[in-house]
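Engineer: would you be able to build a 3D model of this:
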Amino acid sequence: MIKMLRPFLAKLSNREKMAISIGIGFVAIFILVQVAVFPFFDARERLERRLASHTISYNEIKQLRVKYSELQNRVDNSKTRFNRRQRGFTLFSFLDKLAGQVGIKERITYMKPSSKKQKDTSFRLSLVEMKLNGISMEQITRFLYRIETSQNMIHVRRLSLNKKEEKGGLLNVILQVETFEV
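Structural biologist: Down below sits the predicted model:
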């Protein structure tokens, strides 16, 4: 191919040869930019996008790690509290005993225990619904305080207070208390 171009190039003037050389130079620079420079910048941009994406993922993982640690601490605390319970603990007997200590046992109209096995665990959710008639605000406050501050991981699920028809500010109370048992 070069042999064919030599006679053609020999006939050209220096000015025409310079113009062709400049044109070839521009084409070479254009090809170099298209083949080397643009792909380099495209690759760099892709890497920057991937880095930004991975940085976001990394930050999410760090946040999840913190949440996991918090949950693990809560689980450990719950296990510790759960293991401190007396052997043979039942919610029904605990509430009955607590009502006697607070002085409202004679006001209990009914106590309905129930339990439900939890999926994929060895635990049961134990629930007791209680109805108390004619108790004062102070008595129910003491009773609820002793339930919620108990080390036995007991929680009031639902509470309904109704003012008794008679005078004296006494209340009728229905409450549901729950805990987990083995």
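Engineer: count of neighbours near residue 75?
Structural biologist: One way to gauge burial is a neighbour count; for residue 75, by other Cβ atoms under 10 Å, it gives 10. Yep, even glycine has a C-beta here, placed from its N, CA and C like the rest.
Engineer: ok but it is inside a helix, no?
Structural biologist: Yes - with the criterion set as DSSP: H, G, I helix; E, B strand; the rest coil, the secondary structure at residue 75 is a helix.
Engineer: what about the helices in the protein?
Structural biologist: For the chain, the helices defined by DSSP state H occupy 2-10, 14-32, 38-83, 91-102, 137-148.
Engineer: domains in this structure, as residue ranges please.
Structural biologist: Recorded structural domains for the chain (assignment: automatic domain parsing) are 2-81, 91-181.
Engineer: which residues of the protein score low on pLDDT?
Structural biologist: Along the chain, the parts satisfying pLDDT under 70 run over 1-2, 167.
Engineer: and the gap between the residue most central in space within it and residue 73?
Structural biologist: Centre of the chain computed as the mean C-alpha position; nearest residue by Cα atoms, centre = their mean is residue 67, 6.6 Å away. Remark: distance between residue 67 and residue 73 (Cβ to Cβ, to the nearest Å) = 11 Å.
Engineer: before we move on, what about residue 28?
Structural biologist: The spacing between residue 28 and residue 73, counted by Cβ to Cβ, is 66 Å.
Engineer: likewise residue 58?
Structural biologist: Distance of residue 58 to residue 73, computed by Cβ to Cβ: 23 Å.
Engineer: what's the burial count for residue 176?
Structural biologist: The number of residues packed around residue 176, counting by other Cβ under 10 Å, is 16.
Engineer: that one bridge partners, please.
Structural biologist: For residue 176, the residues forming beta bridges with it (DSSP bridges) are residue 129, residue 158.
Engineer: wait, what's in contact with it?
Structural biologist: Shown in contact with residue 176 (Cβ atoms under 8 Å, 6 or more residues apart in numbering): 127-130, 156-159.
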